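Q: heads up, no residue letters with this:
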């Protein structure tokens, strides 16, 4: 420890590292550079406490931290330098904001005396991240480091979580200050969580008891508040069916009696159709994303709406509510379960079965059990679920791979689905999978990605190699940017503009990184190959040549209501 | 909720941090709202700043803006008001050539009529100040134009509400009680 001998003080860089240790941080994803030299220098002394993962591009660092945070439910931490290092994390900050992922990013910055002078590698990262971060702060003095870190962790992880950016000037890193750490648990201008009042809960319980066709739509708020069990108890007591948003997946086990599947554009038929048939819509920890609702003018207009969310600004933002409860999902669900009457709504629940049967016959079975033709993406996802016995953490990139992985993965454990939902960031997958595996090495982590997305952050295979991260990568290769191609086919008169993709030999790339790989061309090889994928703890890449022009179905075309669903390119449901 | 575009005043109280105004401006930008007047000043409470912004929009949008402002960590509270709910004023300063207004003979009457007053006078120019609404300060500007207004500026609008409202210090006291729990 380098100390200012006369006064027993530490440098700002060391205070930052000590503060991270105080916050329980054990892993940092980062990339060094000119304005974080002092920080990285001190980091060497902390190698027993802080594992630093050297990424290959700063965007990889923040997506890895996001994957880590989503598995651990604690903030992921990122170190990058100023200027280009800092601007390279912007996409991830916006992604974390959109998906409420707690991350704390420390960016280097030029000395405070040079701020605003267009110094080498200076970028106004506070200005750049203000609209896309939950909070940001420029640390300009060593004395402020511990205070800022404590606030950063409190803000990132409480209430509706989100990304925090600390911009750390070089002189604050090298300056000396006394180190005294106290965790932050109060900021007068910040109320992370409001309490539901008794009258609201009573009113909600009354509305639920009076409803004959209630339907729960839930999102990631369930995972973030640890409300999985509370939700199951609530659904069982009220005998209420439930649908999940993309990010809510795995909060309920796939086989749970009252779980009816995924909502939204490529969601399951029943939860979408029934949204427009229920008489009471109970939304919990979700924000009515337009990929879930379609046009709000036709969304659940027949139903009364209760919206439970920890973020007051979400209530009534998009869907008008009859009752808004601004509080933590778990607490509200526990209170409501105690208040509602035990009910039998089997007729209403049975009506979901009939819709599901249509989807099973018309969409799911042809996707999962085709007898001829090219390999379908769904078969691959289904095979992974079979082989891993639904135990894997499934990470996705963005596009068709994501929708198919979401539709056909099965889960029996919470926090098992990691995907870029709100921002839809291609290139998210590989680094997020690396972060997820580092967060929980005991569980298999399987990334599904397309041939487009993998190439956006393929450089992170270097991390897999260097850190021995045992991720399983499944490239669903169709030689197209599949999702855009699907839209071009369906809505742009098959005018395939810039979507055909020439791909490299992924096996050679894998070999260059010392990673084993295998190519699957035919259905017969699939099962064996997926077994080999999970046969040991080492990283492995499986390249599956899937049908080149497969479309993800069902699909609610853009601009259509949740009950106007295409089940094939030419047929509508009903 | 109707879709009439009205004049609204957003008032928010924030911690005195660098960049708060940027945070506020970002939220207005995101909603494509123009700030037609803005005033940012220290409040009587230590460390708290008060910002008033006038904008024209529909009620649904102003509610969204206020909720998203209040969500910001550094913003303590945010409110919105329509004109009927507020008493509001702005300050205007007019610099006019001294010889012209002395020569006019009726400057006293004009100033009295507008409740305006002279706050500085010298051989070259006279500074007149007036407190009022934008319309009122504009009327005086029009009146003084014939003398040739050398310089003119009006402040951002400030307001108090006509409604009974919990004073900010009380809210902060309540917050401090939460802390001590």
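A: Structure received. Since this is a predicted model, take the numbers as computed values, not measurements.

Q: Start and end of stretch A:564-572, how far apart?
A: 7 Å (C-alpha to C-alpha, to the nearest Å).

Q: Mind pulling up the pLDDT for residue A:6?
A: Per-residue pLDDT puts residue A:6 at 59.

Q: repeat for residue A:190
A: For residue A:190, the model assigns a pLDDT of 97.

Q: Correct me if wrong: it contacts residue A:155.
A: Yes: between residue A:190 and residue A:155 there is a contact at 6.8 Å, judged by C-beta atoms under 8 Å. No exception for glycine: its C-beta is placed from N, CA and C like everyone else's.

Q: Okay, strands next: where are they in the stretch 451-574 of chain A?
A: Remark: strands assigned in the stretch 451-574 of chain A by DSSP state E, counting those that start in this stretch are A:472-477, A:516-520, A:540-545.

Q: now that we're looking at the residue nearest to residue A:515 when sequence neighbours are not counted, which residues does it contact?
A: Once flanking residues are discounted, residue A:515 sits nearest to residue A:539: 5.2 Å by C-beta to C-beta, 6 or more residues apart in numbering or on different chains. Applying C-beta atoms under 8 Å, 6 or more residues apart in numbering or on different chains, one finds that residue A:539 lies in contact with A:464, A:468-473, A:515-516.

Q: if you set the cut-off to 6 Å instead, what comes out?
A: A:464, A:470-471, A:515 (C-beta atoms under 6 Å, 6 or more residues apart in numbering or on different chains).

Q: and of those, the nearest to residue A:423?
A: residue A:471 (21.8 Å; C-beta to C-beta).

Q: Hmm, the closest one is touching residue A:431, no?
A: No: the pair residue A:471 and residue A:431 does not pass the contact test of C-beta atoms under 6 Å, sitting 10.0 Å apart.

Q: Show me which of the two is the more surrounded one.
A: residue A:431 (32 against 29; other C-beta atoms under 10 Å in any protein chain shown).

Q: Can you tell me the element the more buried one falls in?
A: Element membership for residue A:431, per DSSP states H and E: helix A:429-439.

Q: So for whichever residue of chain B sits closest to chain A, what's the pLDDT?
A: Closest approach between chain B and chain A, counting by C-beta to the nearest C-beta: residue B:67, at 3.6 Å. pLDDT, residue B:67: 96.

Q: quick one, what contacts residue 49?
A: Here I'm looking at chain A. Contact analysis of residue A:49 by C-beta under 6 Å, 6+ apart lists residue A:21.

Q: The intended chain is chain B.
A: Taking C-beta under 6 Å, 6+ apart, one finds B:14, B:16, B:42 in contact with residue B:49.

Q: State the mean pLDDT of stretch A:15-29.
A: pLDDT averaged over stretch A:15-29 gives 98.

Q: Point out the residues in chain A that sit beside chain B.
A: Contacts of chain A with chain B, taken as C-beta under 6 Å from any C-beta of the partner chain, map to A:126, A:130-131, A:135, A:155, A:186, A:188-190, A:312-313.

Q: and the angle for the helix holding residue A:431 with strand A:472-477?
A: Comparing the axes of helix A:429-439 and strand A:472-477 via axes from the mean of the first three to the mean of the last three C-alpha atoms, to 10 degrees yields an angle of 170 degrees.

Q: who touches helix A:429-439?
A: Taking C-beta under 6 Å, 6+ apart as the rule, helix A:429-439 contacts A:60, A:63-68, A:71-72, A:393, A:395-397, A:418, A:445, A:447, A:449, A:453, A:457, A:460, A:463, A:469, A:471.

Q: On the three-state scheme, residue B:55 is what?
A: When classified by DSSP: H, G, I helix; E, B strand; the rest coil, residue B:55 comes out as strand.

Q: Could you find the closest non-adjacent residue to it?
A: Nearest to residue B:55 is residue B:33, by C-beta to C-beta, 6+ apart, at 4.9 Å.

Q: about what we covered before: so which of the contacts of residue B:49 is the most crowded?
A: Counting by other C-beta under 10 Å, top hit in the contacts of residue B:49: residue B:14 with 25 neighbours.

Q: Which elements pack onto the host helix or strand of that residue?
A: Assigned by DSSP H and E, residue B:14 belongs to strand B:6-15. Where contact means 3 or more C-beta pairs under 6 Å, 6 or more residues apart in numbering or on different chains; DSSP states H and E, strand B:6-15 is packed against strand B:48-57, strand B:75-82.

Q: can you redo those as CSV with distance to residue A:480?
A: Formatted as CSV, the helices and strands packed on strand B:6-15 follow (distance: least, C-beta to C-beta, whole Å):
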stretch, distance to residue A:480
strand B:48-57, 43
strand B:75-82, 46
